[in-house]
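Novice: Compute the structure for the input listed below.
(one chain, ligands or ions: 1)
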Amino acid sequence: MSVLEADEAPGRLDLLRQLVNTLDLPDGPDRLATPDEASVWCRERGLPPVTNQNECDRLRAFREAIRDVLFANNGEFEASRAWAALEPFSPRAPLIVAVENGAPVLRAAGSGVDAVIAALFAIVYDAVAHGTFARLRACRKSSCRFAYYDRSKNGSRAWCSMATCGNREKAQRRRRRERA
Ligand SMILES: [Zn+2]
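Specialist: Numbers count the residues shown, from 1 in each chain. Sure thing, here's the model as predicted:
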C-alpha cells in the first residue's frame, strides 16, 4: 500500500483531507492562494469555482477551521471550541435534502464559495453520521497538522508520518518530561 492510499479517507470524506492539505505548514505553498488556483482545485473535484479574492479568503478560513476540528479529533485541541469556529460559516452555506437514486442526500443550495462550503459541510455531516469522521485527523505535531485518515486497527495513529513527525515529536516530549 502506498503512503497516499494509507492516508486516504473513504469516499467523499477524502475531499476534506485534500482541502486541509492544500496548505503545507508551516510556510506554504498554498494551493488556494488566488481565486484562479482555488477555482482549479474546486473544478477538479466537481465543486463550483470561487469568483473573487474575498471568496478565496473565506475558503481558506474554512480550511483552517476544519484543520482545528481535525486537530481536536487527535485530542490536541478543544473540540467544542473547534466546532464553534465552524458555526459562522454555516448560515451562508445552505443545504437542502434532495432525493437521488431512491435515497435522501444533502445538496448545496447556494452558489460560488457558499456552495463549496455547503458541499463540504454535507460531507462532514455524513461522516459524523457514519462514524468515520473521528478518524480524519490533523498530525499531532503542531507545526505540521497535515491531515490523514487513521486506518490503524485500534484508531491510535497520531502522526502524519512516523519518520518525519512521530519520532521527532516523541523525542521532544520525552525531553520535556525529563526536564519537568
Ligand atoms: Zn506531521
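
Novice: interface residues of this protein facing the ion?
Specialist: For the chain, the contact set with the ion under Cβ under 5 Å from the ion comprises 139, 141, 144, 146, 160, 165. From N, CA and C alone the C-beta is placed, and that goes for glycine too.

Novice: If you rank every helix and strand of the chain by mean pLDDT, what lands last?
Specialist: helix 3-7 (a mean of 68; mean pLDDT, DSSP states H and E).

Novice: quick revisit: now secondary structure too, for the residues of the chain next to the ion, in TSV please.
Specialist: Converted to TSV, those look like this (DSSP: H, G, I helix; E, B strand; the rest coil):
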residue	secondary structure
139	coil
141	coil
144	coil
146	coil
160	coil
165	helix
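
Novice: Counting by contacts, list what the biggest helix by length in the chain packs against.
Specialist: As assigned by DSSP state H, the longest helix anywhere in the chain is helix 53-73. Helix 53-73 is packed against helix 14-20, helix 35-44, helix 79-86, helix 112-130, strand 136-138, with contacts defined by 3 or more Cβ pairs under 8 Å, 6 or more residues apart in numbering; DSSP states H and E.

Novice: Just the buried residues of the second one, please?
Specialist: Neighbour-count burial for helix 35-44, with 16 or more other Cβ atoms under 10 Å as criterion, is recorded at 35, 37, 38, 39, 41, 42.

Novice: Could you do the third one as well?
Specialist: Judged by neighbour count using 16+ other Cβ under 10 Å, the buried positions of helix 79-86 are 82, 85, 86.

Novice: Just give me the closest of these to the ion.
Specialist: residue 82 (18.1 Å; Cβ to the ion).

Novice: Low-confidence regions, the chain specifically.
Specialist: 1-5 (pLDDT under 70).

Novice: Name the surrounding residues that touch stretch 130-150.
Specialist: Residues outside stretch 130-150 that contact it (Cβ atoms under 8 Å, 6 or more residues apart in numbering): 6-10, 13-14, 16-17, 20-21, 24-26, 67-68, 70-71, 73-76, 124, 127, 151, 155-161, 164-165, 168-169.

Novice: Just the C-alphas of it, formatted as PDB.
Specialist: Listed next in PDB are the C-alpha coordinates belonging to stretch 130-150 (Å, rounded to 0.1, in the frame of the first residue of the first chain):
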ATOM      1  CA  HIS A 130     -21.500   7.200   9.700                       C
ATOM      2  CA  GLY A 131     -18.800   7.300  12.400                       C
ATOM      3  CA  THR A 132     -15.900   7.800  10.000                       C
ATOM      4  CA  PHE A 133     -15.200  11.500  10.900                       C
ATOM      5  CA  ALA A 134     -13.300  10.900  14.100                       C
ATOM      6  CA  ARG A 135     -10.600   9.000  12.200                       C
ATOM      7  CA  LEU A 136      -9.900  12.000  10.000                       C
ATOM      8  CA  ARG A 137      -7.100  13.800  11.900                       C
ATOM      9  CA  ALA A 138      -4.500  16.500  11.700                       C
ATOM     10  CA  CYS A 139      -1.000  15.400  12.700                       C
ATOM     11  CA  ARG A 140      -0.200  15.900  16.400                       C
ATOM     12  CA  LYS A 141       2.900  17.900  15.700                       C
ATOM     13  CA  SER A 142       1.500  21.500  16.000                       C
ATOM     14  CA  SER A 143       3.900  22.900  13.300                       C
ATOM     15  CA  CYS A 144       2.700  20.200  10.800                       C
ATOM     16  CA  ARG A 145      -1.000  19.400  11.300                       C
ATOM     17  CA  PHE A 146      -1.100  17.600   8.000                       C
ATOM     18  CA  ALA A 147      -4.400  15.700   7.500                       C
ATOM     19  CA  TYR A 148      -4.600  11.900   7.200                       C
ATOM     20  CA  TYR A 149      -7.200   9.200   7.700                       C
ATOM     21  CA  ASP A 150      -6.400   6.800  10.500                       C
END
